[in-house]
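Peer 1: Coordinates only, no sequence provided:
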């Protein structure tokens, strides 16, 4: 694909001066989930503007067009993100998964104003934040990481920065320069940092996000990809399923009805405990949306009495034991645990199992004549007795 260049459809309007060295170039990146291609993207950074095209296959196949405008301090001033049908890239996507036709954002002096437009019309989303540096989502615009990496390598931005999504709100973000070849993207959305590998020009060669909620391995291609030319090819590909499908289990202990809903991540060749799921760090006990447990009568776990109700469920894995955490934050985001809302903590036993268990599994089962709530993955079984 030599000499294939993305159509620089915005370049004629870009004539922006910045306080320090400009970055002006184009690049293409491919994001992989294991052996599956999740996204391909070609972007251009010119002055204070980032724009380009992408194709993503999750949560559904879609053609994406984006234009981000930055302020001289490196923060976002405004952006437009539009989603189109892969079969006809001039037609807004008729989404079956909740994707809007478009998302726009503008920073109005510390008031971050999002607007989404879908088949039901327009909706406004307002967040208070002193700045916005990164817009997150299931498959984010990859070029944002290049922009932040460039600013960090040149010491043009200092933390704390702000990570926003119009649904889940505002989170802290830190860009940490390890050395000339490595930068880390650190946010409480992810339990572990995301590592950026840089080339001699301080541009991203690869991103290791396998221990993050995105679970990507991303690499920069040697040549630019004409994203539009791939639209019809990708339209015929099988839709990528949720890498961590959501499941609900129901069980009865005595006369108590218990329901647990959680995302089920898979190992996909990764080491889990002590790596993807670090020890001594609170984990969402699943993936994607927050894990939820509800029961219609008061219940006892180990020696802890817990009132009937619905709770967010987190876990704190340690090598010798785990701690199960009941949390009452409303509209909680799975990977962002806020300890101020913790109400009950229960110690869990940990046992090794002989066979690998994959994907992650939560169950209520009988063990030695007792009902136990069990969390199993890899070769680890964390469990606690549950009774009336």
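Peer 2: Sure thing, it's come through. What you see is a predicted model, and the numbers here were worked out from it, not measured in a lab.
Peer 1: Please compute how far stretch 358-374 lies from its chain's middle.
Peer 2: Here stretch 358-374 shows a centroid-to-chain-centroid distance of 28 Å under the convention C-alpha atoms, centre = their mean, to the nearest Å.
Peer 1: What are the buried residues along it?
Peer 2: Residues 358-360, 362, 364, 371-374 are the ones in stretch 358-374 that count as buried (16 or more other C-beta atoms under 10 Å). Where C-beta positions appear, they are placed from N, C-alpha and C, glycine not excepted.
Peer 1: got the end-to-end distance for that stretch?
Peer 2: 14 Å (C-alpha to C-alpha, to the nearest Å).
Peer 1: contacting residues around it?
Peer 2: Contacts to stretch 358-374, defined as C-beta atoms under 8 Å, 6 or more residues apart in numbering, come from residues 244, 249, 251, 253, 258, 260, 262, 264-267, 285-287, 291, 301, 324, 375-378, 381-387.
Peer 1: Any of those residues buried? List them.
Peer 2: With burial judged by 16+ other C-beta under 10 Å, the buried subset of the contacts of stretch 358-374 is 244, 251, 253, 258, 260, 262, 264-267, 285-287, 291, 301, 324, 375-378, 381-386.
Peer 1: Just the ones of those in strands?
Peer 2: Judged by DSSP state E, the buried ones among the contacts of stretch 358-374 include 251, 253, 258, 260, 262, 301, 324, 375-378, 381-386 as members of strands.
Peer 1: gap between stretch 130-149 and the chain center?
Peer 2: 11 Å.
Peer 1: And that stretch, end to end?
Peer 2: First-to-last residue span, stretch 130-149, C-alpha to C-alpha: 21 Å.
Peer 1: Okay, buried residues for it please.
Peer 2: Going by neighbour count (16+ other C-beta under 10 Å), the buried part of stretch 130-149 is 131-136, 138-149.
Peer 1: which intervals of the stretch 101-250 of the chain have sub-threshold pLDDT?
Peer 2: 238-241 (pLDDT under 70).
Peer 1: can you pull out the strands in it?
Peer 2: 102-108, 111-118, 121-128, 134-135, 161-165, 169-179, 182-187, 194-198, 204-209, 216-220, 246-253 (DSSP state E, counting those that start in this stretch).
Peer 1: Which residues does the fourth one contact?
Peer 2: The reference is to strand 134-135. So strand 134-135 is contacted by 76, 79, 81, 105, 140-141, 144, 148, 161-165, 173 (C-beta under 8 Å, 6+ apart).
Peer 1: Sheet-wise, list the partners of it with their directions.
Peer 2: According to DSSP bridges, strand 134-135 forms sheet pairs with strand 161-165 (parallel).
Peer 1: How far does the top strand by length along the chain sit from its chain's centre?
Peer 2: With secondary structure taken from DSSP E, the chain has its longest strand at strand 342-367. With C-alpha atoms, centre = their mean as the basis, strand 342-367 stands 24 Å off its chain's centre.
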